[in-house]
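Student: whatever this is, show me its structure:
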Amino acid sequence: MDNFGIVMQRLFQYLSLIICLVCSSMLSAQENVTTLGIQVKPMVPSQYFGTGTENFDMGLLKVNFEPNFGLNFGMVVRRGFTKNWSFESGICIVQRNYTMRFDHPNLLKDQDMKFRYICYEIPMQAMVFVKLTDRVFMNASAGFSADLYPSNVESSSYLFEDTLRFDFYQKTYKRRWIQLALLANYGFEWRTPDKGYFYLGASYHRPFQSIGTTRVIFELNSVPMRDQVSLGGNYLTADFRYFFHEKPERRKKKGS
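Tutor: Now for the predicted structure:
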């Protein structure tokens, strides 16, 4: 990744902290409100944020390892603790999609093989709000995610060209079944009087370690070539959320 990409990555990660320090006098959240929401987060490959194509060579064979558009989908629970701060958690299913492209002198054209890698996430984020109008709020959040990887994945394919047989195989091994990742988020929210909240934003997810290792095997007439590549697991998303309308909870009086 180039220097510009690293700078952009750091800026996005610490955006919520900057807003908190600069705009603390303007903060506004819904105190003592717990609300349930649903979210859909398409995953966007980006070379600047370390989620782009990776290339490696296996002698005459060149392999492009390309992340495709994926999807993060699930539910989120928000709890407003004070007028300044809220906390979010929930559970999501994450589908990472990849394309491996094989380039070899004996192939008439490049051969593609697609596979997907499933993960479950439990995010934990502190969120701060800036009131722009009576109904529109800007927010930023930062926190961590517990990422659960249930299984390894493997796929294979083959191709005949004249007297040549090509075999393609990959197996992706999880690094461990649970890992921690850093989360950062920035967006805007429209709060209706009685129809809930509508949210549009972006998130960045960065695991502290690689999430797995993909072993690649290429065979030409049963003669194998082997290599492996580590999966970084970073991703950038466009966030769409809807929170159901809830009224503030009444505090119990002492002695009641």
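Student: from here on, contacts and neighbour counts on C-alpha atoms
Tutor: OK.
Student: how close does residue 123 get to residue 212?
Tutor: 20 Å (Cα to Cα, to the nearest Å).
Student: so the residue lying closest to residue 144 once chain neighbours are set aside is in which element?
Tutor: Spatial nearest neighbour of residue 144, chain neighbours left out: residue 182 (4.7 Å); criterion: Cα to Cα, 6 or more residues apart in numbering. Assigned by DSSP states H and E, residue 182 falls within strand 178-191.
Student: buried set for that strand?
Tutor: 179-191 (16 or more other Cα atoms under 10 Å).
Student: just curious, which of the residues you listed is nearest to residue 90?
Tutor: residue 183 (13.5 Å; Cα to Cα).
Student: in the sheet, who's paired with the closest one?
Tutor: residue 143, residue 205 (DSSP bridges).
Student: how about residues contacting the strand holding residue 182?
Tutor: 12-16, 123, 125, 135-149, 197-209, 211 (Cα atoms under 8 Å, 6 or more residues apart in numbering).
Student: average pLDDT across it?
Tutor: Per-residue pLDDT over strand 178-191 has a mean of 94.
Student: hey, C-alpha coordinates of that strand in PDB?
Tutor: Output of strand 178-191 as PDB, limited to C-alpha atoms (Å, rounded to 0.1, in the frame of the first residue of the first chain):
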ATOM      1  CA  ILE A 178     -12.200 -16.100  17.100                       C
ATOM      2  CA  GLN A 179     -10.200 -12.900  16.500                       C
ATOM      3  CA  LEU A 180     -10.400  -9.200  17.400                       C
ATOM      4  CA  ALA A 181     -10.700  -6.400  14.800                       C
ATOM      5  CA  LEU A 182     -10.700  -2.600  15.000                       C
ATOM      6  CA  LEU A 183     -13.900  -0.800  13.900                       C
ATOM      7  CA  ALA A 184     -14.400   2.800  12.800                       C
ATOM      8  CA  ASN A 185     -17.600   4.400  11.500                       C
ATOM      9  CA  TYR A 186     -18.900   7.700  10.200                       C
ATOM     10  CA  GLY A 187     -22.300   8.700   9.000                       C
ATOM     11  CA  PHE A 188     -25.500  10.700   9.100                       C
ATOM     12  CA  GLU A 189     -28.900   9.800  10.600                       C
ATOM     13  CA  TRP A 190     -32.400  11.200  10.100                       C
ATOM     14  CA  ARG A 191     -34.700  10.700  13.100                       C
END
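Student: ok and the one helix or strand residue 118 maps to relative to strand 178-191, angle-wise?
Tutor: Residue 118 belongs to strand 111-131 when assigned by DSSP H and E. Angle of strand 111-131 versus strand 178-191, following axes from the mean of the first three to the mean of the last three Cα atoms, to 10 degrees, is 50 degrees.
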